[in-house]
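S.K.: Quick one, what's the 3D model for this:
(3 chains)
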Amino acid sequence: MSRADIGERRALISGIGHSEIGRQIDRSGFQLTLDAILAAVADAGLAVEDIDGLTAFPPGGKTNLPGYASPDLSEIHDTLRLTTSWRGGTGGGLPFSGAVDAVASGRARHVVMYRTVKEGSAARKAGGRPAYGSIHPHAEGPLAWLLPIGALSPVCQIAPFAARYMHDYGITREQLAWIPVTQRSHAALNPDAVYRSELSVDDYMESRMISTPICLFDCDVPVDGSTAVVISAAETASALRAPVHIEAMAGISESRPFWDQFEDMGRVGYASAAAMWRRTDLKPADVDVAQLYDGFTIEAVWWLEALGFCGTGEAGDFVDGGRRISLGGELPLNTWGGQLSGGRLHAAFGHTAEAVRQLRGEAKDRQVPGAEVAVVTCAGGIEGGAALLTR
Amino acid sequence: MESTLGSHNRPSGMPPPVIAPINEGMWRAAGAGRLDLQRCRECGAHRYPPTDGCYRCSSLNWEWSTVPGTGTIYTYIWVPDAARSGEQDRPVLYNVAFVELDGTEGDPVRMATNVLDAWDPDDLYVGQAVVLACVPLGDGLGLPCFRRVP
Amino acid sequence: MEPAEITGNGHVYSFTVNYQRWLPDLEVPYTIVLVEFADHPGVRVAGRLRGCPPEATAIGMEVEVGFEEGPGGYAIPSFVAVGTAP
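M.R.: I've put the predicted structure just below:
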């Protein structure tokens, strides 16, 4: 594949920024969004006037889950007084892939993308994580198939994947515990993480079940916070403070796009991973640090195997004891604590920001020395995507 | 026509607005017969419809500000109201007018509204002077509408 | 396309036992199963499992198709472990 065919090589991640992140922040999602955007633009070495593209995740419209929707694109556009040649769009795979295509095609030069959650406050208000259908008590669309049988939250949809995977490959909870346990040790080094106190395997094994086999510490922690990235055209590099390259990127929606119909629930993300590796000469062994999506522990497990860091069914051994996935190990995982401990910033925005920091050498106490190649993944299955970033 | 259909020419069956912190002040002022608009505390710009941020300086710091309640028509349309027209030969029309509000000259505000005492296409023209005439919504809230200045 | 009736029992492809009280009156725990049918390859149906203690649920176990009353008077898929009383 010639370089010209790999459009993402014509794009850079030029800026990352976030608002205050916490379990309950007394500022509106709108205010948090502006904070994150202005931080990301400054981080890129740009001014708001340089921004000519704007998009957000999720793409828009009402949602039936409190605190989930990001502020409206047109209102943010209005308040920042932007003039844009490209708006909206997420593309396939990682949410910023649409923005990457926009700058790679020459449609825009600097695109801001934001993801804002107020799920921490929503959970506090509801006395726990709200159920699907909490805003409008009607089972419409996909909810019509989920609510009547009691699948009231994403965990009920993901848990059967974990159950099938553990059944197919004989993986135990004691093994998988090392993912949340290790990520918690990384969060201790991240002042912006919401959970920083030590988590042991015993703590994990004794924690309450949410929906088997997913326990409390397998679930990401709802927060209030906004994260923003700036995607810039490669030819603007000299104007940017510390851009990071996108070596390869892919998001393949495979199998039927309904969670309960996914063909093989023990193997998720393989098509996206394979498509990503086909766009580069780099190999899994070249990766210095991995920011793998961890809405639930099992999602990071999917990606370890799909990306080829270990074979199918071997993630249990790979993570057991935590050595390989710790800072100092062969593949430090979610060095910011991930969504399990760092906070559910959602849609791989936190993962992307941390990958960028690592490649710039700006990850402070949790810096992987000399990191040159990072992998970032989002979700899995129908919404999944993977990207390889380089210094 | 006015006497049989009432003194307000408004479209029938419109749902009431959803009251939210960003707009409640406006509906409450209209309930008291006033026209209040958001005004940015940083740069003084009025704005409508209600939004969190100032379109001119990006500030999130705003307050309600009372404007005179007079204005001129920038443009308008006429819309047949099927529910009120029934079986009549000539449909009952309501108007949607964009009114440029006095008191916002440095930061012009145009409000989409109904001119309540205009029933026929001849009743409205561009540049026409209008004045606030609020429609009660209940619970002390009102909808800002306008009447023609003779 | 036309509707086809599923006959014959199915087996559990995967399942989860939900313990979280998502709504104030929700009775927990309950089991959600994903069921496949040897006679109807490519079909997988999600439903509740009745007549079986949650901890006895297992991937591969045989279930009968049943229905329970759902919202609006419609029936929703529900399964019963074979060999246990509904």
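
S.K.: B:Val131: which element?
M.R.: B:Val131 belongs to strand B:129-132 when assigned by DSSP states H and E.

S.K.: Parallel or antiparallel, which strands does that strand pair with?
M.R.: As defined by DSSP bridges, the strand partners of strand B:129-132 come to strand B:70-80 (antiparallel), strand B:146-148 (antiparallel).

S.K.: what are the C-alpha coordinates of it, in CSV please?
M.R.: Coordinates of each C-alpha in strand B:129-132 appear next as CSV, following Å, rounded to 0.1, in the frame of the first residue of the first chain:
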residue,chain,number,x,y,z
ALA,B,129,-43.8,49.0,13.8
VAL,B,130,-45.0,46.4,16.4
VAL,B,131,-45.3,46.3,20.1
LEU,B,132,-45.2,43.5,22.7
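
S.K.: At which residues are the strands of chain C located?
M.R.: Taking DSSP state E, the strands of chain C run over residues C:10-18, C:30-37, C:40-50, C:62-69, C:75-81.

S.K.: Distance to A:Val223 and mean pLDDT added to those strands, as CSV?
M.R.: C-betas here are computed from N, CA, C, even on glycine. CSV is the format used below for those (distance: least, C-beta to C-beta, whole Å; pLDDT from 0 to 100):
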stretch, distance to A:Val223, mean pLDDT
strand C:10-18, 23, 95
strand C:30-37, 27, 93
strand C:40-50, 30, 87
strand C:62-69, 37, 83
strand C:75-81, 34, 81
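
S.K.: and the ones you listed, which is most packed in?
M.R.: For those, the largest average neighbour count (mean count of other C-beta atoms under 10 Å in any protein chain shown) is found in strand C:10-18, namely a mean of 24.

S.K.: how about that one, does it reach chain A?
M.R.: Yes. Applying C-beta under 8 Å from any C-beta of the partner chain, one finds strand C:10-18 touching chain A at C:13-18.

S.K.: Those residues: which two are farthest apart?
M.R.: The distance between the two most remote of the residues of strand C:10-18 next to chain A (C-beta to C-beta) is 17.1 Å, for C:Tyr13 and C:Asn18.

S.K.: Relative to chain B, which of the strands of chain C is closest?
M.R.: Closest approach to chain B among those (C-beta to the nearest C-beta): strand C:75-81, 32.5 Å.

S.K.: before we move on, the earlier item: using neighbour counts, pick out the buried residues of the strand holding B:Val131.
M.R.: B:130-132 (16 or more other C-beta atoms under 10 Å in any protein chain shown).

S.K.: The closest residue in space to A:Tyr204 that isn't next to it in sequence and chain B, how far apart?
M.R.: Nearest in space to A:Tyr204, with sequence neighbours left out and distances taken as C-beta to C-beta, 6 or more residues apart in numbering or on different chains, is A:Ala177 at 4.1 Å. Distance of A:Ala177 to chain B, given as C-beta to the nearest C-beta, to the nearest Å: 43 Å.

S.K.: Surely A:Ala177 touches A:Val201?
M.R.: Yes. Shown here, A:Ala177 and A:Val201 form a contact pair, counting by C-beta atoms under 8 Å, at 4.6 Å.

S.K.: With neighbour numbers in mind, choose between the two.
M.R.: A:Ala177 (25 against 16; other C-beta atoms under 10 Å in any protein chain shown).

S.K.: in terms of contact, does A:Leu189 touch A:Arg366 like I think?
M.R.: Yes. The pair A:Leu189 / A:Arg366 is scored as a contact, 4.3 Å apart, by C-beta under 8 Å.

S.K.: Tell me which of these two has more neighbours.
M.R.: Taking other C-beta under 10 Å, A:Leu189 and A:Arg366 do not tie; A:Arg366 has more neighbours (21 against 17).

S.K.: Throw the strands of chain C into a markdown table and include distance to A:Leu73, thanks.
M.R.: Formatted as a markdown table, these follow (distance: least, C-beta to C-beta, whole Å):
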| stretch | distance to A:Leu73 |
| --- | --- |
| strand C:10-18 | 35 |
| strand C:30-37 | 36 |
| strand C:40-50 | 34 |
| strand C:62-69 | 42 |
| strand C:75-81 | 37 |
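
S.K.: can you tell which of those strands is closest to A:Ala237?
M.R.: Nearest of these (C-beta to C-beta): strand C:10-18, 47.6 Å.

S.K.: The closest one packs against which elements?
M.R.: helix A:154-169, strand A:209-211, strand C:30-37, strand C:40-50, strand C:62-69 (3 or more C-beta pairs under 8 Å, 6 or more residues apart in numbering or on different chains; DSSP states H and E).

S.K.: Cool, thanks, signing off.
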